[in-house]
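> need a structure here:
(one chain, ligands or ions: 2)
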Amino acid sequence: VDVTYIMIKPDGVQRGLVGEIISRFEKKGFKLTGLKLFQCPKELAEEHYKDLSSKSFFPSLIEYITSGPVVCMAWEGVGVVASARKLIGATNPLQAEPGTIRGDLAVQTGRNVVHGSDSPENGKREIGLWFNEVEVIEWTPAQAPWLME
Ligand code: GTP
Ligand code: MG
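Ligands and ions are numbered 1, 2, ... in the order given. Below you'll find the model as predicted:
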């Protein structure tokens, strides 16, 4: 079973979109295994986005991610990484399809409200980066047999 790290970025929190965004993953049928409101330190933001460190927008990206609280989430499910990316939509919200989170709720790449891991390996890596072990909960939702045969 795959896991993905989903984060509501500071703009999503400031704009009051936390419930709306969590709902979309919850209603789809994935399992929430970690959830917290968190003020991200600069060092963690730099580690999380280290692959982008050579980009011209890197300093503004770090400033953005650390500019206010974020909501950190771990979600589990078969195919959750790719499916969550589809629910989130394209990086540039103007190109994101209507019906996706970015397509419905955002207008600019630098304020695209949500993050989702881009591979199962990065899903694991990022959950390890953002959560302590005791913050990730193993449980069986009551609805499990109604979601998958
Ligand atoms: P994440 O789920 O946040 O990782 O987005 P992504 O996988 O769709 O895009 P990517 O990993 O390439 O970039 C990470 C984040 O950096 C994006 O979500 C944006 O917030 C930001 N970003 C990427 N490209 C640009 C850019 O050209 N300009 C600005 N200002 N920000 C960018
Ligand atoms: Mg990415």
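> going forward, measure contacts between C-alpha atoms and count neighbours the same way
OK.
> for the protein, what lies in contact range of ligand 1?
Those residues of the chain that sit near ligand 1, judged by C-alpha under 6 Å from any ligand atom, are Phe57, Leu61, Ala90, Thr91, Thr109, Gly110, Asn112, His115, Gly116, Ser117.
> which of these fall within helices?
Secondary structure of these is defined by DSSP state H; positions in helices are Leu61.
> now render the residues of the chain next to ligand 1 as a markdown table, adding pLDDT.
Converted to a markdown table, these look like this (pLDDT from 0 to 100):
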| residue | pLDDT |
| --- | --- |
| Phe57 | 98 |
| Leu61 | 98 |
| Ala90 | 98 |
| Thr91 | 98 |
| Thr109 | 98 |
| Gly110 | 98 |
| Asn112 | 98 |
| His115 | 98 |
| Gly116 | 98 |
| Ser117 | 98 |
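> so which of the residues of the chain next to ligand 1 sit within strands?
Assigned to strands by DSSP state E, the following of the residues of the chain next to ligand 1 qualify: His115, Gly116.
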